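Asks: Sequence plus the predicted model coming up.
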Protein chains: 2
Amino acid sequence: MLLPRIDTAALVARRARLSKALEGAPALIAAGAPSPRNYRANPWPYRAASHFLYLAGAPIPGAFLLLEGDAATLFVETPDDDDELWHGPSASLADLAAAVGCAVRDASDLPRVLAGRRVATLPAIDAPTRERQSDLLGRPVRYGALAEDDAALADAMIALRLVHDEAAIRGLREAADGTAAAHLAGMRATRVGLREHAIRGAMESALLTRGMGTSYQSIVTVHGEVLHNHGYGHELREGDLLLADVGAETEGGWAGDVTRTWPVSGRFSETQRSMYELVLTANRAAIEKVAPGVRYRDVHLASCHVIARGLVDLGVLRGDPEELVADGVHALFFPHGVGHLIGLDVHDMEDLGDRAGYAPGRTRSSQFGLSYLRLDRDLAPGMAVTIEPGFYVVPAILRDPKLKAIARDRIDHATLERFADVRGIRVEDDVLVTATGAEVLTSAIPKTVRDVEHAVGGG
Amino acid sequence: MLLPRIDTAALVARRARLSKALEGAPALIAAGAPSPRNYRANPWPYRAASHFLYLAGAPIPGAFLLLEGDAATLFVETPDDDDELWHGPSASLADLAAAVGCAVRDASDLPRVLAGRRVATLPAIDAPTRERQSDLLGRPVRYGALAEDDAALADAMIALRLVHDEAAIRGLREAADGTAAAHLAGMRATRVGLREHAIRGAMESALLTRGMGTSYQSIVTVHGEVLHNHGYGHELREGDLLLADVGAETEGGWAGDVTRTWPVSGRFSETQRSMYELVLTANRAAIEKVAPGVRYRDVHLASCHVIARGLVDLGVLRGDPEELVADGVHALFFPHGVGHLIGLDVHDMEDLGDRAGYAPGRTRSSQFGLSYLRLDRDLAPGMAVTIEPGFYVVPAILRDPKLKAIARDRIDHATLERFADVRGIRVEDDVLVTATGAEVLTSAIPKTVRDVEHAVGGG
């Protein structure tokens, strides 16, 4: 491989901070192996582990980074004899060492270097690399089950990656720019009679054209009420809302994650507009709430209160908004959390489970809705989160006996019927916590009714 | 999931033929699990195993198909309670049974159904599914190492999938149509000053817009001499040739695989044109050779002879073309095989290794060039193959002492210098073996100098 742009100074500083947090204890960070699609020689695009990208800056299949005190060593696989024929000239080991700012050795040295030592690691996402980790360290390394030896490393990585440094913030801005281009392309490409596929193609093309990929499987659907809808076969009809949840992944691995919902015709109906403005208000209220020291669950609850109050005003819910939120009735229409960490992973560090998203001592609620909240930490400057409230009419929820019991008589079904042309709306931005409040990284993407209608071409 | 278009009758017929070949011995075919990117909840698009798609017609994560005599049973995982919220309504088991044309049961029944029985299987590409197969069958199931019990199943599947039935041929035609749209879009999007990214974006957008994906990682590069070049960062300059190796994957999983090489400016230089026409002649000579009963290695050699003769005519090689091919000198400029099987996999059934590509008793040559030939079977009507000769000036080859020893004094380096603006050319089509010869499935894609220049907009 040839080297991408690498900010050597940022990598050196990150490794120094991690080593300090570990008090010099050794740590082995795996890049991971390519994932095959249908046979071994046909892999998905290579995606190195985010922990590795964060500390080594380049996606190097099969590599390991060993940190011990002030020393960092990158162990890389020697290319096969015919590697240059198939994959072209590689960066020399000297160039690699200079770019990553550390020593480089052959991966075949690793067993000797690690033999008999206690070294912490983080489980790779792919099974072959976890097997390699287990062999190298002489103990089982399992995804989703951190060994005691590894917990301190996980906590140190979390502390480091939670607060984005300048290089990271540049990466997030770059991802936000690509994501903005994709959403604008999607809005502009929208026409009655096309299929969802076509809009997805326009959006992802805008990313590919910039040398970016997607940081997760795009959702581009006129059935936004299906939260993780990965089909793209529906025709766009007059009167439909199109929900697009599409985010860039930069060459360096940084993620964008944005949802916009727009009318296929270019004009919201009255009912769509009033519900869209409610979700937009919830988005803004949550962003308004973002500031250092604020507990993220309270950001979530701020958006829930707006949704509950708005649904009462629109006549869809009955009762006191405070009580509706306390009982979780709003969650029948806004069942997911208001957002999550974002960084090198779109759900940043979710490979470490709730250890990343939940502060020590905090655990997930068992209440429907709140149980899906992925983040419950106190915010600090440099953290980045998504803010993504929504409103959905989900038949599976509305007919579920347990959930109906939560609602009791507080849903006005006749009024809800009037919103039949609103199936799912979500408005999502990526937000950086600043010293005094919040900066919306994705503010270039049309969001008001007027701006959205104008971008789609109906305004 | 909702069901894609399924040709039930074709599936039933395929399963009947397989069971007959197995003389009723039971076989367990795994669909496989989604592959995670960077954490478990962020998977690559789900791609079911081709053997499963071939027999069950639909990509159902985690499913197994059990064949025993005339009976076929599909074992599927019961959705979680909240599955409908996140993924929408699923096809009912009754609908699924009707579409796939077999019984459907819950996957949790499998251990009981299989307990203590000898059942053949084919190793899944993903490690978690192979672990499941090992558990279910009480024996290790390893990728790339078929157990004796499984070899007969592999051979029966190979015999079945080698000869495409009508439904398969429809799938291949659909893939060829998508692939044609991608290449036309790529040619039309080409402009001096853009980056390779932009052309890749235009090509893949044409696929996404049709509800298709790519069947392998696209190669779109002005450095075609790097055979598996997956970077897209170079600027397109006046005088560059752009090599694009991009193939569609249809919703049903069928693959296209086409390479075209075109001048960025819209006009081939004299040297580019003469070398392009040579590669085109080799492509045509190989296609001409395709017919039932012909050994595929002879198709490969037919293209090698054209390349060798042409390079002698152009003054790049010295000597007798027959002797140059016998010694493998042509392979210094055309180092790979002329093609491979194509079907549900772009290298069809490569998960089974050379067992699929090589007829019993035939093995890979050790000669440079020929050693990369992926297919050496006698052709039969219904087989589909790629035909993809090329010419490349690969520095790593030309300076390799072992390979220089093959060339001796038979390369005229001064003449080769004159072709400095030709770094890599490949012309690849997908070809169906018919009763009397061959049908080029990808004939809609510009291929002559004139058609290519016209499509790029310089002609």
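Replies: Looks like it arrived, so ask away.

Asks: how about low-confidence regions in chain A?
Replies: By pLDDT under 70, the low-scoring segments of chain A are A:1-3, A:458-459.

Asks: Okay, domains of it per the record?
Replies: What the record gives for chain A is the domain set A:8-162, A:166-456, from automatic domain parsing.

Asks: First-to-last residue distance for the longest one?
Replies: Between the opening and closing residues of domain A:166-456 there is a gap of 34 Å (CA to CA, to the nearest Å).

Asks: ok now it, how far from the chain's centre?
Replies: Relative to the centre of its chain, domain A:166-456 is centred 12 Å away, using CA atoms, centre = their mean, to the nearest Å.

Asks: at contact distance from chain B, anything in that domain?
Replies: Yes - applying CB under 8 Å from any CB of the partner chain, one finds domain A:166-456 touching chain B at A:195, A:197-198, A:200-202, A:204-211, A:216-217, A:223, A:226-233, A:335, A:344-347, A:350-351, A:394-397. C-beta: built from backbone N, CA, C; applies to glycine.

Asks: So which bits of the helix or strand containing A:Leu172 are buried?
Replies: Per DSSP states H and E: A:Leu172 is located in helix A:166-189. In terms of neighbour count (16 or more other CB atoms under 10 Å in any protein chain shown), helix A:166-189 has its buried residues at A:167-187, A:189.

Asks: so what does it touch, helix or strand wise?
Replies: Applying 3 or more CB pairs under 8 Å, 6 or more residues apart in numbering or on different chains; DSSP states H and E, one finds that helix A:166-189 makes contact with helix A:8-21, helix A:196-209, strand A:241-246, strand A:248-249, strand A:258-263, strand A:429-433, helix A:449-456.

Asks: what comes up buried for stretch A:94-101?
Replies: Buried residues in stretch A:94-101, counting neighbours by 16+ other CB under 10 Å, are found at A:Leu96, A:Ala97, A:Ala99, A:Val100, A:Gly101.

Asks: Distance to chain B and secondary structure for those residues - can I get that in JSON lines?
Replies: Compiled in JSON lines, the buried residues of stretch A:94-101 are given as follows (distance: CB to the nearest CB, whole Å; DSSP: H, G, I helix; E, B strand; the rest coil):
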{"residue": "A:Leu96", "distance to chain B": "16", "secondary structure": "helix"}
{"residue": "A:Ala97", "distance to chain B": "21", "secondary structure": "helix"}
{"residue": "A:Ala99", "distance to chain B": "16", "secondary structure": "helix"}
{"residue": "A:Val100", "distance to chain B": "19", "secondary structure": "helix"}
{"residue": "A:Gly101", "distance to chain B": "22", "secondary structure": "coil"}
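
Asks: Would you check which pair of these lies furthest apart?
Replies: Using CB to CB, the buried residues of stretch A:94-101 span at most 10.1 Å, a distance reached by A:Leu96 and A:Gly101.

Asks: Return the list of helices and strands in contact with the helix or strand A:Ala285 falls within.
Replies: A:Ala285 is part of helix A:270-289 when elements are defined by DSSP H and E. Where contact means 3+ CB pairs under 8 Å, 6+ apart, helix A:270-289 is packed against strand A:258-263, helix A:296-313, strand A:384-387, strand A:390-392, strand A:424-426, strand A:429-433, strand A:438-440, helix A:449-456.

Asks: Could you identify which of those is most buried?
Replies: Ranked by average neighbour count under the criterion mean count of other CB atoms under 10 Å in any protein chain shown, the helices and strands packed on helix A:270-289 are headed by strand A:384-387 at a mean of 28.

Asks: what's the burial count for the residue lying closest to A:Ala30 once chain neighbours are set aside?
Replies: Counting by CB to CB, 6 or more residues apart in numbering or on different chains, A:Ala124 is the residue found nearest to A:Ala30 once chain neighbours are left out, at 4.5 Å. A:Ala124 is surrounded by 25 other residues when neighbours are defined as other CB atoms under 10 Å in any protein chain shown.

Asks: State the distance from A:Ala124 to chain B.
Replies: Counting by CB to the nearest CB, to the nearest Å, the gap between A:Ala124 and chain B amounts to 10 Å.

Asks: ok, now A:Ala248?
Replies: When CB to the nearest CB is the yardstick, A:Ala248 and chain B sit 13 Å from each other.

Asks: which residues does that residue contact?
Replies: Under the criterion of CB atoms under 8 Å, 6 or more residues apart in numbering or on different chains, the contact list for A:Ala248 reads A:174-179, A:182, A:207, A:210, A:212-215, A:255-256.

Asks: Specify which member of these is nearest to A:Asp155.
Replies: Distance to A:Asp155 across the contacts of A:Ala248 (CB to CB) is lowest for A:Ala255, with 22.1 Å.

Asks: does that closest one really touch A:Leu344, like I thought?
Replies: Yes - because the distance of 6.7 Å satisfies CB atoms under 8 Å, A:Ala255 is recorded as touching A:Leu344.

Asks: just to revisit the earlier point, just send the helices and strands packed on helix A:166-189 back as CSV, with distance to B:Asp81 too.
Replies: CSV is the format used below for the helices and strands packed on helix A:166-189 (distance: least, CB to CB, whole Å):
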stretch, distance to B:Asp81
helix A:8-21, 40
helix A:196-209, 27
strand A:241-246, 23
strand A:248-249, 32
strand A:258-263, 25
strand A:429-433, 31
helix A:449-456, 35
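
Asks: Which among the ones you listed is found nearest to B:Ile425?
Replies: Taking CB to CB as the measure, the helices and strands packed on helix A:166-189 were each checked against B:Ile425, and helix A:196-209 came out nearest at 24.1 Å.

Asks: which residues are in contact with the helix or strand immediately after the closest one in the chain?
Replies: Past helix A:196-209, further along toward the C-terminus, the next helix or strand under DSSP H and E is strand A:213-214. Counting by CB under 8 Å, 6+ apart, strand A:213-214 makes contact with A:Pro45, A:Glu204, A:Leu207, A:Val246, A:Gly247, A:Ala248, A:Glu249, all of which sit outside it.
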